[in-house]
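Chemist: After the sequence you'll find the predicted model.
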Amino acid sequence: MTDFAALLERTLGPDLVVTGAAVPERAWSDWSGLPPVRPLALVRPRTTEDCAAAVRLCAEHGVPMVPQGGLTGLSGGAHPVAGCVALSLERMAAIEEIDTAMSTMTVGAGCVLSVAQEAARDAGLFLGLDLGARGSCSVGGNLATNAGGNRVIRYGMAREHVLGLEVVLADGTVVSSLNKMLKNNAGYDLKQMFIGSEGTLGIITRAVLRLQPAPGPAVSALCGLRDFDAVLTLLKAARAGLGTELTSFELMWPSFYDFMSKSLNLPRPLGSDHGIYVLIEASGLGDRQASEALEEVLGAALEDGILENAVLSKSEREAADLWAVRESPAHYSSVMGPLTPFDVGVPTALAGKVVAEAEAGLKARWPDAIALSYGHIGDSNLHLVVNIPSAGQDQPTKAVADYVYGVIRAAGGTVSAEHGIGVIKRGYLGYSRTPEELALMRRLKVAMDPQGILNPGKVL
């Protein structure tokens, strides 16, 4: 393996390859919390051709390769495996073109999401994909995991933003299909094989993203409700009253809202406690204001007894205060310590029952359990994080996961809504996919990567 690392460096050059002890620690792990693994080498290509050359060399020698984007995934999809070559796309970060006539953006896979968002904004357009890690996650990683985020209810998951891709296959072949057209039914839609495949079928190097008209100013409201049934009624009213102006519908159970607001001393604009909390964001088109429409929805909900209380933002600062608790998960490590996180999907109508069952069941087994629930409930995505204080650093991760995923399976949900399968959820994939679906996935993997060198051990 040391000989191969030397060959890789000789062939591609020291500008693209670092080996052994020189591999930076950042490439040893992602955000999954798995133990660090130092790769045999780190390749940082500048072009698709550089990437293809590295993949070809690995294929010729049967050496595994693990692609890495912004390393913000929580499922271990970008985590190195022993003896692998890590392939970082960070240098392939160019915004190559913004076509205002076609409303498209062509970018390198290493482009940071926030940079792409700002470039679209500067061109008078809008990139609808958005998530909390926007300042560090990469477009390629977002597409490889089919990321979701805060605006799915209006703009859809990552795959809805993709018109074309360029991909390097497991043998180093480059497939360039940088389509810009909304309508293109010429044969199989090959890009869909790679979106959400977590780098196991091919490595995304460039993408054509679909842009949207720039929305008008956003307005946010924090709502206090009695219970989950009231949430479902409010969601229906918000969809009917706001239509496409509804950007976000975020739900926070008291377990999350109370714990995080008090632990971090964050603003509590409602000034009173409620059975459940909802954040609604709306934005119009152009100069049209969404605030009036949102006020009408909230006013009717208050009159009908659906809402107990609501606060509407009048400025960006007020909106930030309303969102402060919802955007606080980045501080988990400082207030909770080691935790077991869950990114799951459940039928929206069952989310209240699922949360009640999961939180009660965890408390029954571990009386000191801290279980915090929140999510993008408008698009059926639920987040749950669990810490058992008495366990200290030795958290009962598998036992907690077995229980929570069992609840999700019984509800007909999915074990992964946004962060992929990676390594951490691999053993639970059968909870959400049939044997026939898994068999087809394996056939596709064997056909596309017969040596199994692309991100081995991930997903399947």
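Modeler: Done, it's in.
Chemist: Give the next helix or strand downstream of the strand or helix carrying residue 217.
Modeler: Here residue 217, judged by DSSP states H and E, is contained in strand 215-225. Using DSSP H and E, the helix or strand that follows strand 215-225 in sequence is helix 228-242.
Chemist: Now do that following helix against strand 215-225, angle only.
Modeler: 160 degrees (axes from the mean of the first three to the mean of the last three CA atoms, to 10 degrees).
Chemist: In helix 228-242, which of the residues would be classed as buried?
Modeler: For helix 228-242, a neighbour-count test (16 or more other CB atoms under 10 Å) marks 228, 230, 231, 232, 233, 234, 235, 237, 238, 241, 242 as buried. The way it works is simple: take the backbone N, C-alpha and C, and place the C-beta from them, glycine included.
Chemist: what about residue 187, how many neighbours?
Modeler: 6 (other CB atoms under 10 Å).
Chemist: host element of it?
Modeler: Residue 187 belongs to no helix or strand when assigned by DSSP H and E.
Chemist: Give me the residue at the spatial middle of this structure.
Modeler: residue 147 (3.7 Å; CA atoms, centre = their mean).
Chemist: what's near enough to touch it?
Modeler: Contact analysis of residue 147 by CB atoms under 8 Å, 6 or more residues apart in numbering lists 129, 131, 137, 141, 157, 158, 418, 419.
Chemist: Restricted to helices, list those.
Modeler: residue 141 (DSSP state H).
Chemist: Relative to residue 399, which of the contacts of residue 147 is nearest.
Modeler: residue 419 (20.8 Å; CB to CB).
Chemist: Would you agree the closest one is in contact with residue 142?
Modeler: No: with contact defined as CB atoms under 8 Å, residue 419 does not count as touching residue 142 (11.0 Å).
Chemist: Give me the more crowded residue out of those two.
Modeler: Using other CB under 10 Å, the more surrounded residue of residue 419 and residue 142 is residue 142, with 34 against 26.
Chemist: for residue 337, what are its contacts?
Modeler: 387, 389, 392, 393 are the contacts of residue 337 under CB under 8 Å, 6+ apart.
Chemist: now, which of the residues you listed sits nearest residue 408?
Modeler: When those are compared against residue 408 (criterion: CB to CB), the nearest one is residue 387, at 19.1 Å.
Chemist: Phi and psi next, for the closest one.
Modeler: As for residue 387, its main-chain torsions (degrees, to the nearest 10) stand at phi -130, psi 140.
Chemist: gap between it and residue 400?
Modeler: Relative to residue 400, residue 387 is positioned 9 Å away (criterion: CB to CB, to the nearest Å).
Chemist: who touches both of these two?
Modeler: Joint contacts of residue 387 and residue 400 (CB under 8 Å, 6+ apart) are residue 340.
Chemist: ok, back up a step: spell out which strands sit alongside the strand holding residue 217 in the sheet and which way each one runs.
Modeler: strand 276-285 (antiparallel), strand 307-312 (antiparallel) (DSSP bridges).
Chemist: Of those strands, which is nearest residue 438?
Modeler: Per CB to CB, nearest to residue 438 of those: strand 276-285, 36.2 Å.
Chemist: Any buried residues in the closest one, and which?
Modeler: 276, 277, 278, 279, 280, 281, 282, 283, 284.
Chemist: Enumerate every residue touching the fifth one.
Modeler: Pointing back at residue 280 there. Contacts of residue 280 by CB under 8 Å, 6+ apart are 220, 221, 223, 238, 246, 248, 249, 250, 294, 297, 298.
Chemist: Mind doing that once more with 7 Å?
Modeler: 220, 221, 223, 238, 248, 249, 294 (CB atoms under 7 Å, 6 or more residues apart in numbering).
Chemist: Look up the residues forming beta bridges with the third one.
Modeler: Counting by DSSP bridges, residue 223 forms beta bridges with residue 278, residue 310.
Chemist: these two touch, right, it and residue 281?
Modeler: No: contact status for residue 223 versus residue 281: not in contact, 11.7 Å apart, counting by CB atoms under 7 Å.
Chemist: Can you show me the strands along the stretch 251-400 of the chain?
Modeler: 276-285, 307-312, 340-345, 370-376, 381-387 (DSSP state E, counting those that start in this stretch).
Chemist: Compare the ones you listed and say which comes out lowest on pLDDT.
Modeler: Mean pLDDT is lowest for strand 276-285 out of the strands of the stretch 251-400 of the chain, coming in at a mean of 91.
Chemist: what separates it from the chain centre, distance-wise?
Modeler: Remark: strand 276-285 is offset 20 Å from the chain centroid, using CA atoms, centre = their mean, to the nearest Å.
Chemist: mind checking how far residue 50 is from residue 96?
Modeler: 16 Å.
Chemist: Looking at those two, which one has more neighbours?
Modeler: residue 50 (22 against 12).
Chemist: Domain boundaries for this structure, per the record?
Modeler: Listed domain ranges for the chain are 2-88, 95-213, 216-323, 336-419 (source: automatic domain parsing).
Chemist: Quick check: which of these is nearest to residue 426?
Modeler: domain 2-88 (8.6 Å).
Chemist: Pull up the distance across that closest one, start to finish.
Modeler: 20 Å (CA to CA, to the nearest Å).
Chemist: so how far is that domain from its chain's centroid?
Modeler: 22 Å.
Chemist: For it, give the mean pLDDT please.
Modeler: Domain 2-88 comes out at a mean pLDDT of 96.
Chemist: And the contacts of stretch 392-411?
Modeler: When contacts are defined by CB under 7 Å, 6+ apart, stretch 392-411 is touched by residues 338, 340, 342, 344, 346-347, 350, 354, 357-358, 361-362, 365, 384, 386, 388, 415, 428, 431.
Chemist: Give me the buried subset of those.
Modeler: For these, buried by 16+ other CB under 10 Å: 338, 340, 342, 344, 346, 350, 354, 358, 361-362, 384, 386, 388, 415, 428, 431.
Chemist: what's the farthest-apart pair in those?
Modeler: Pairwise over those, using CB to CB, the maximum falls at 338 and 350, 29.1 Å.
Chemist: Quick check, residue 418 in contact with residue 345.
Modeler: No: with contact defined as CB under 7 Å, residue 418 does not reach residue 345; the gap is 8.5 Å.
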